[in-house]
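Novice: The amino acid sequence is not available; the structure is as follows:
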Ligand SMILES: Cc1ncc(COP(=O)(O)O)c(C=O)c1O
């Protein structure tokens, strides 16, 4: 690699960054991350901090997994790539599909369609949902329902079911036929309801109202995250997903559980659907499947959907969808090694223990600092806090002050993700208790600047 003078001079000059203003980033270039170990990252000025972002909710087994690195190196030597389009396949992809169908047998998932990441997995699930209904002769079932505050990636389908307007408005018009339901977000909701269980019921009633208004026979699928991540770690009441499952079943609507964050241990179980006791029709996965050592994802398909495709007519049930890197042998080898490591390390158990520690710590901070409007978590290592400049009116803390807090937290020893007026915490699932305390201490230093 070129020296640091070169990197600093060219930082953001010739590269546009996701989710940022290209001009602003040229004036204030992003931090260069040089190396990483365990749960820590080191920047080009040699500052080492705890990565409370876990890369981007994804480096579940931490940065030093030798078995994953070795599996990638071995696979590169054996077979660096071959296409999985009709006619050829490869060993690691076959083995991974078997492993995943075993791992998610309880959810009824019998088939995997491999992708290069979360947005691809979401796109796959939406397309297959429409095709499923077409095979069944239900040609009018083309619409999608999703939740406000949901995040489902940035392809046109995913952005269309996305429930945050900052990812939508500059790209409109989006896909027609996508409708958004109220999120079970206790801190802010149009019903002014603060009881999570009652709010869940109101949201289910609103969903039924929308379905009946649209006409159930026009709706293909409902997609939701078991816990909404990028929208601010919004945890529904435990009854919500189950009740929405019942609604979907009643109206013949497929339920897609977007497990891109919640899959592979982060929520304290191997998937969010299992955590809430729900059997979805499809599950979208990425991130923790390889702990981000290789860009890879999967759309898992339930046995009963698979049956319809596999017994469908040659033209209508043919899958006219796929990616050059679907079933990439190196990605599949990375996923196999990552899943093995995740199970060996029992990362879901540590996610629960450290997640509770982080959540309790944030609750203590909330008692001390008025700027904390809400803290959310307690279900694995998905934790968030919402900052407000006025507790009573719940006025969002402005972007400038949010940036200042993020900077101070970093300089005090932890990288956190600032999203709107939320601070989102999703460290590697191998994080230790003392590292968790280091995040809490750094956060407190950050809060002091307000
Ligand atoms: C729930 C969910 N779905 C989909 C995506 C999109 O994944 P990717 O960024 O890998 O395309 C994300 C990304 O954060 C996500 O959180």
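Specialist: Looks like it arrived, so ask away. Fair warning: this is a prediction, and the values are worked out from it, not measured in the lab.
Novice: what about the residue nearest to residue 284 when sequence neighbours are not counted, which helix or strand?
Specialist: Counting by C-beta to C-beta, 6 or more residues apart in numbering, residue 121 is the residue found nearest to residue 284 once chain neighbours are left out, at 3.9 Å. Where C-beta positions appear, they are placed from N, C-alpha and C, glycine not excepted. Secondary structure from DSSP states H and E places residue 121 in helix 118-135.
Novice: So what angle separates the directions of the next helix or strand after that helix and helix 118-135?
Specialist: Helices and strands here follow DSSP H and E; after helix 118-135, the next one along the chain is strand 143-147. On the basis of axes from the mean of the first three to the mean of the last three C-alpha atoms, to 10 degrees, strand 143-147 is oriented at 140 degrees to helix 118-135.
Novice: circling back to that earlier point, near the ligand, anything from the helix holding residue 121?
Specialist: Yes. Interface with the ligand: helix 118-135 contributes 118-119, 122 (C-beta under 6 Å from any ligand atom).
Novice: Format the residues you listed as CSV; extra columns: distance to residue 196 and neighbour count.
Specialist: Listed next are the residues of helix 118-135 next to the ligand as CSV, based on distance: C-beta to C-beta, whole Å; neighbours: other C-beta atoms under 10 Å:
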residue, distance to residue 196, neighbour count
118, 27, 29
119, 30, 21
122, 26, 30
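Novice: ok, of those residues, which one's closest to residue 331?
Specialist: Of all the residues of helix 118-135 next to the ligand, residue 331 sits closest to residue 118, with 13.4 Å by C-beta to C-beta.
Novice: my read: that closest one touches residue 153, true?
Specialist: Yes. Counting by C-beta atoms under 8 Å, residue 153 is a contact partner of residue 118 at 5.1 Å.
Novice: Which pLDDT does the model give the residue in the stretch 251-400 of the chain that the ligand sits nearest to?
Specialist: At 3.5 Å from the ligand, residue 260 is the closest residue in the stretch 251-400 of the chain, using C-beta to the nearest ligand atom. The model reports residue 260 with a pLDDT of 98.
Novice: Next, the closest residue to residue 377 other than its chain neighbours: phi, psi?
Specialist: Residue nearest to residue 377 in three dimensions, not counting chain neighbours: residue 383, with 3.4 Å by C-beta to C-beta, 6+ apart. Dihedral angles of residue 383 (phi, psi; degrees, to the nearest 10) stand at phi -130, psi 140.
Novice: what's the neighbour count on residue 383?
Specialist: 27 (other C-beta atoms under 10 Å).
Novice: mind listing what it touches?
Specialist: By C-beta atoms under 8 Å, 6 or more residues apart in numbering, the contact list for residue 383 reads 233, 355, 358-359, 362, 375-377, 424-426.
Novice: one more time with 10 Å
Specialist: Neighbouring residues of residue 383 by C-beta atoms under 10 Å, 6 or more residues apart in numbering: 52, 233, 235, 354-359, 361-362, 375-377, 423-427, 439.
Novice: taking these one by one, which sit in helices?
Specialist: Among these, the ones falling in helices (DSSP state H) are 354-359, 361-362, 439.
Novice: Could I get the buried residue list for stretch 227-242?
Specialist: For stretch 227-242, the neighbour count (16 or more other C-beta atoms under 10 Å) marks 227-237, 239-242 as buried.
Novice: hang on, residue 345 packs against residue 68?
Specialist: No. Applying C-beta atoms under 10 Å, one finds residue 345 not in contact with residue 68, separated by 11.8 Å.
Novice: joint contacts of those two?
Specialist: Here residue 345 and residue 68 have residue 61 as joint contacts, going by C-beta under 10 Å, 6+ apart.
Novice: The two - which one has more neighbours?
Specialist: Set residue 345 next to residue 68 and count neighbours by other C-beta under 10 Å: residue 68 wins out with 24 against 17.
Novice: mean confidence for stretch 16-30?
Specialist: pLDDT averaged over stretch 16-30 gives 95.
Novice: Just the buried residues of that stretch, please?
Specialist: Buried residues in stretch 16-30, counted by 16+ other C-beta under 10 Å: 25, 29.
Novice: Next: stretch 152-161.
Specialist: So for stretch 152-161, counting by 16+ other C-beta under 10 Å, buried means 152-155, 157-161.
Novice: Kindly report the same for stretch 135-149.
Specialist: Going by neighbour count (16+ other C-beta under 10 Å), the buried part of stretch 135-149 is 135, 138, 141-149.
Novice: Quick one: residues contacting the residue in the chain positioned nearest to the ligand.
Specialist: At 2.1 Å from the ligand, residue 118 is the closest residue in the chain, using C-beta to the nearest ligand atom. By C-beta under 10 Å, 6+ apart, residue 118 lies in contact with 56-58, 151-155, 158, 258-261, 263, 284-287, 289, 295, 297.
Novice: and those, which of them are in strands?
Specialist: Secondary structure assignment (DSSP state E) places 258, 284-285, 297 from the contacts of residue 118 within strands.
Novice: JSON lines for the residues you listed, including distance to residue 349 and neighbour count?
Specialist: Putting the ones in strands among the contacts of residue 118 into JSON lines (distance: C-beta to C-beta, whole Å; neighbours: other C-beta under 10 Å) gives the following:
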{"residue": "258", "distance to residue 349": "24", "neighbour count": "32"}
{"residue": "284", "distance to residue 349": "24", "neighbour count": "31"}
{"residue": "285", "distance to residue 349": "20", "neighbour count": "30"}
{"residue": "297", "distance to residue 349": "25", "neighbour count": "30"}
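Novice: how about the nearest residue to the most centrally placed residue in the chain, chain neighbours excluded?
Specialist: In the chain, the centroid-proximal residue (C-alpha atoms, centre = their mean) is residue 261; its distance is 3.0 Å. Nearest residue to residue 261, sequence neighbours excluded (C-beta to C-beta, 6+ apart): residue 229, at 4.2 Å.
Novice: The one you found is in contact with residue 380, isn't it?
Specialist: No. Residue 229 is not in contact with residue 380 according to C-beta under 10 Å; the separation is 11.3 Å.
Novice: which residues are in contact with both of the two?
Specialist: Both residue 229 and residue 380 are in contact with 261-262, 266-267, 426, where contact means C-beta under 10 Å, 6+ apart.
Novice: interface residues of this structure facing the ligand?
Specialist: Residues of the chain found near the ligand, taking C-beta under 6 Å from any ligand atom as the criterion, are 117-119, 122, 151-153, 225, 229-230, 258, 260-261, 286.
Novice: repeat that with 5 Å
Specialist: 117-119, 151-153, 225, 229, 258, 260-261, 286 (C-beta under 5 Å from any ligand atom).
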